[in-house]
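S.K.: I'll drop the sequence and a predicted model, then ask my questions.
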Amino acid sequence: MHANPMPTTSGQAALWYADQKRAANGGYNVSIVWTINQDVPAPEIAVSWSRLRQEVPALSVRMGLDRDGAVVQWTCAEELAQEYADFADSPDAEMEAAAFLSARTARAFDTDGGPLARLVVARVSREVMVVTLVAHHLIVDGVSQVHLARRFAAALQPFGEEPSSQHYADLIDLVRQDESRTHPADRAYWSERVAGFLNGADWFAADPMGDLGVRAGRRRGEVVGADLASLTAAARDLGVGLYLLVAAAVHRAMAMAGVERTVVCSAVSVRPIGGALDDVVGCFINLVPLTARHLPGETLGELVRREAAGWRRDHCHRNLSLLEIGGTGSPPNRLDRVFFSYRETDPTLTWTGPGPDVSADLFTEYPATRSDLTVRVLRGVDRLHYEVEWSTATPWGAVFADALEVCLQSPSR
């Protein structure tokens with residue numbers, strides 16, 4: 001154990017325990033994939049990677065238990081792994097490079113004291129390099145992905161951005177202060193709020209913990225043009241943001257699949273409101289369980305009118321982790337069966353400059369399912385991108401995916 005460990009936030013501790021409970025299948029791995037349209041020598045990429053590590057303390061963070069059994073974190077100066085392979089002369093370069101990157105993206109991290117990030121580089125041709133940053137979710141949340149993508153692209157340029165201040169420890173302290181201030185009220189709130197809403201065996205297959213991480217299906221879709229305009233107009237008419245309307249669509253699609261009482265765990269930022277520390281890379285989220293009861297024949301709009309006020313209150317109590325709320329126990333009764341995330345960013349970002357042209361993919365496939373049902377949404381400039389994944393514990397996953405498409409394409413239903 002490091003001599004000067006720092007405490008974790010409650011959300012980080014909850015995620016650490018969740019990782020310890022599941023099979024080592026890389027299900028909590030997060031990846032960013034940069035495509036560089038230039039043959040950049042491996043030593044130059046190594047220099048850019050070293051520069052990024054120096055700018056971003058979170059990439060050097062490790063976690064484990066202290067002598068009292070509390071989850072703590074510390075930074076380690078040890079160099080992080082960087083793997084390089086050259087496929088430029090292979091007749092099947094793209095296929096071999098994809099297999100090389102996929103295997104290393106899925107490799108699990110040792111979250112009990114081991115490094116939580118690595119870089120994997122594949123030279124696909126004399127004009128194309130593919131660089132993948134693989135990190136555990138413990139040190140990278142959705143907000144951080146955008147900043148990491150931008151900072152590494154800048155590091156590849158001959159005249160990159162000036163390093164931004166990364167007040168990682170300060171942000172940990174601020175979040176923990178908020179937790180200490182709000183936890184008593186949060187515990188009382190959630191004790192009443194989730195009563196009767198545990199997702200049980202009525203809706204999921206037997207032995208879900210044994211099946212967790214085994215992907216049964218995956219589907220992606222987009223909402224564009226007139227359909228996106230209709231969805232946006234529906235949110236405006238209902239007096240909610242697009243985020244809450246899409247969350248409601250997830251609830252409604254579950255009801256259309258036959259579930260009567262639904263819990264959707266939404267990934268919500270616990271960073272201080274105002275955005276001053278939004279560029280600090282790390283994992284600063286909690287899962288907020290949004291609950292809903294469904295009435296026969298109810299439309300999506302009617303569901304929103306009935307439940308939106310409660311969901312807004314739920315977000316005001318976001319500082320208590322799901323572990324502390326008490327909904328992550330043994331099956332069949334758990335709150336964490338359905339995971340939902342919503343971010344406002346395009347899935348692909350691009351940069352051009354005096355150096356190489358670079359694009360970054362932020363919507364990469366998870367190595368394994370993170371929950372029995374996972375819905376990810378990215379709100380881009382001109383379209384809504386979404387992905388549905390379900391495990392073998394969710395026999396109605398395909399029905400749900402069909403229903404969600406209907407809800408997003410026809411919000412009046």
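M.R.: Received it, and whenever you're ready, just let me know what you need. Numbering: from 1, shown residues only.
S.K.: By mean pLDDT, flag the weakest helix or strand of the chain.
M.R.: Within the chain, confidence by mean pLDDT, DSSP states H and E is lowest for helix 208-211 among all helices and strands, at a mean of 48.
S.K.: in the helix or strand following that one, what's buried?
M.R.: Using DSSP states H and E, the helix or strand that directly follows helix 208-211 along the chain is strand 215-224. Of the residues in strand 215-224, those with enough neighbours to count as buried (16 or more other Cβ atoms under 10 Å) are 215-216, 219, 222-223. Where you see a C-beta, it was placed from the backbone N, CA and C, and this is true even at glycine.
S.K.: Quick one: residues contacting the residue nearest to residue 291 when sequence neighbours are not counted.
M.R.: Distances taken as Cβ to Cβ, 6 or more residues apart in numbering put residue 197 closest to residue 291, at 4.5 Å, once the chain neighbours are dropped. The contact partners of residue 197, taken as Cβ atoms under 8 Å, 6 or more residues apart in numbering, are 261, 263, 289, 291, 335.
S.K.: The longest helix belonging to the chain - contacts with which helices or strands?
M.R.: The helix that spans the most residues within the chain, counting by DSSP state H, is helix 168-193. The elements that helix 168-193 packs onto, with contact taken as 3 or more Cβ pairs under 8 Å, 6 or more residues apart in numbering; DSSP states H and E, are strand 6-7, helix 10-21, strand 285-293, helix 300-315, helix 322-325.
S.K.: Pull the distance from that helix to the chain's centre.
M.R.: Taking the mean of its C-alpha atoms, helix 168-193 sits 21 Å from the chain's own mean (Cα atoms, centre = their mean, to the nearest Å).
S.K.: Ok, stretch 283-295 next?
M.R.: Between the mean C-alpha point of stretch 283-295 and the mean C-alpha point of its chain there is a distance of 15 Å (Cα atoms, centre = their mean).
S.K.: So for it, what gets flagged as buried?
M.R.: Neighbour count says stretch 283-295 has 283-292, 294 buried, by 16+ other Cβ under 10 Å.
S.K.: Make CSV out of these and add pLDDT and distance to residue 80.
M.R.: Shown next, in CSV, are the buried residues of stretch 283-295 (pLDDT from 0 to 100; distance: Cβ to Cβ, whole Å):
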residue, pLDDT, distance to residue 80
283, 97, 17
284, 96, 21
285, 96, 23
286, 96, 27
287, 95, 28
288, 96, 32
289, 94, 35
290, 96, 36
291, 94, 40
292, 94, 43
294, 92, 47
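S.K.: Okay, helices next: where are they in the chain?
M.R.: Using DSSP H, the helices assigned to the chain run over residues 10-21, 42-55, 93-106, 142-155, 168-193, 208-211, 225-238, 242-256, 300-315, 322-325, 397-409.
S.K.: who touches residue 44 in this structure?
M.R.: residue 156.
S.K.: Would you check that residue 71 makes contact with residue 19?
M.R.: No - shown here, residue 71 and residue 19 do not form a contact pair, counting by Cβ atoms under 8 Å, at 10.6 Å.
S.K.: Just want to know which of the two has more residues nearby.
M.R.: Comparing residue 71 with residue 19 by neighbour count (other Cβ atoms under 10 Å), the higher total belongs to residue 71, at 23 against 19.
S.K.: Identify the residues contacting that one.
M.R.: Neighbouring residues of residue 71 by Cβ under 8 Å, 6+ apart: 8, 12-13, 16-17, 63-65.
S.K.: So what pairs up with it in the strands?
M.R.: residue 65 (DSSP bridges).
S.K.: Could you say which of the contacts of residue 71 is surrounded by the most neighbours?
M.R.: When neighbours are taken as other Cβ under 10 Å, the top entry among the contacts of residue 71 is residue 12 (26 neighbours).
S.K.: In this structure it contacts residue 140, no?
M.R.: No - Residue 12 sits out of contact with residue 140 when judged by Cβ under 8 Å, with a separation of 11.6 Å.
S.K.: export the buried residues of stretch 283-295 to TSV and tack on distance to residue 385?
M.R.: Putting the buried residues of stretch 283-295 into TSV (distance: Cβ to Cβ, whole Å) gives the following:
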residue	distance to residue 385
283	22
284	23
285	20
286	24
287	21
288	22
289	24
290	21
291	26
292	24
294	27
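S.K.: closest to residue 52 among the residues you listed?
M.R.: For residue 52, the closest of the buried residues of stretch 283-295 turns out to be residue 283, at 17.3 Å, with distances computed as Cβ to Cβ.
S.K.: what's the spacing between the closest residue to residue 269 other than its chain neighbours and residue 138?
M.R.: Across the structure, with Cβ to Cβ, 6+ apart as the measure, the residue nearest residue 269 apart from its sequence neighbours is residue 285 (5.7 Å). Here the distance between residue 285 and residue 138 works out to 11 Å (Cβ to Cβ, to the nearest Å).
S.K.: Then residue 167?
M.R.: Remark: distance between residue 167 and residue 138 (Cβ to Cβ) = 18 Å.
S.K.: Equivalent analysis for residue 252, please.
M.R.: Per Cβ to Cβ, residue 252 is found 32 Å from residue 138.
S.K.: if I pick residue 351, what's in contact with it?
M.R.: Shown in contact with residue 351 (Cβ under 8 Å, 6+ apart): 150, 153-154, 157, 357-359.
S.K.: mind checking the end-to-end distance for stretch 369-378?
M.R.: Distance between the boundary residues of stretch 369-378 (Cα to Cα, to the nearest Å) amounts to 18 Å.
S.K.: and it, how far from the chain's centre?
M.R.: The gap between the average C-alpha position of stretch 369-378 and the chain average comes to 9 Å, counting by Cα atoms, centre = their mean.
S.K.: Going by the annotation, which residue ranges form each domain of the chain?
M.R.: According to automatic domain parsing, the chain comprises the domains 6-155, 192-345+368-409.
S.K.: Go through the ones you listed and find the least confident stretch.
M.R.: In terms of mean pLDDT, the lowest-scoring of the domains of the chain is domain 192-345+368-409 (a mean of 89).
S.K.: Quick check: end-to-end length of that domain?
M.R.: 35 Å.
S.K.: And stretch 395-407, what's buried?
M.R.: Of the residues in stretch 395-407, those with enough neighbours to count as buried (16+ other Cβ under 10 Å) are 396-397, 399-401, 403-405, 407.
S.K.: err, stretch 98-112, not the other one
M.R.: Neighbour-count burial for stretch 98-112, counted by 16+ other Cβ under 10 Å, picks out 100-101, 104-109, 111.
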